[in-house]
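# just coords:
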Ligand SMILES: O=C(O)[C@H](O)[C@@H](O)[C@H](O)[C@H](O)COP(=O)(O)O
């Protein structure tokens, strides 16, 4: 099921995004005692740094994974974990500790980091049948329609076995990353795109209106839902 929400401003997108997260966190913590959520990088870092401090939740029950991560040192400006550490942990804005972030192995190449990350995830989902079921995966969409580190025309789009795959030729720098693959994305309970800005409007139209086969458009959880939260600029071609 695909829900599309078009709101006036980027601030409205952030508020709606965090409202959705807050509701899911409450439900999953009440049911399972833990909230397994995946973070992406890019503008989502700022969205969450702005919105998460305002939500009501027990952050100590959160376990945060990465939908994709750059294979760089954590103190590198390109590190997605590094960006969240600075904006959410070091800032003291929310009650999250470093060990609540399931981070990738440092100092190894992408292929080794990917295998290790898949094993780390498996340890967090004991007894998982075939694919871990995340409560929420927060996704971005690049201007080329990529999501996570799944890029148009890349062989990784056809990866249907590995949960986490390496990429060493990312067209979006840096080149070396690990990424969740569609088997994981499409087994989540809920995937959420938070997308703002007129530079995304064309791609949003190609994916959501013209149904072109692009990476972000392939996110369709088999037993879950996907929500696109857009501001009016990114959603200018969406009839609502
Ligand atoms: O680490 C990354 O590069 C991200 O995970 C990436 O997939 C991002 O979500 C999109 O590129 C959208 O980024 P923006 O929202 O900044 O355009």
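Sure thing, it's come through. Quick caveat, the model's predicted, so the values are computed rather than measured.

# Might you report the residue contacts of the closest residue to residue 205 other than its chain neighbours?
Distances taken as C-beta to C-beta, 6 or more residues apart in numbering put residue 237 closest to residue 205, at 3.7 Å, once the chain neighbours are dropped. Where you see a C-beta, it was placed from the backbone N, CA and C, and this is true even at glycine. The contact partners of residue 237, by C-beta atoms under 8 Å, 6 or more residues apart in numbering, come to 201-202, 204-205, 209.

# Can you show me the helices along the chain?
With DSSP state H, the ranges of helices along the chain come out as 10-32, 44-51, 80-84, 110-124, 182-185, 201-204.

# quick one: buried residues of the third one?
Read it as helix 80-84. By neighbour count, with 16 or more other C-beta atoms under 10 Å as the criterion, the buried positions of helix 80-84 are 80-84.

# can you pull out the strands in the chain?
With strands called from DSSP state E, the chain shows them at 2-7, 35-39, 62-66, 68-70, 136-139, 164-167, 177-180, 190-195, 225-231.

# now those strands in a markdown table, with distance to the ligand?
As requested, the strands of the chain are arranged in a markdown table below (distance: least, C-beta to the nearest ligand atom, whole Å):
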| stretch | distance to the ligand |
| --- | --- |
| strand 2-7 | 16 |
| strand 35-39 | 8 |
| strand 62-66 | 8 |
| strand 68-70 | 5 |
| strand 136-139 | 6 |
| strand 164-167 | 11 |
| strand 177-180 | 7 |
| strand 190-195 | 7 |
| strand 225-231 | 12 |
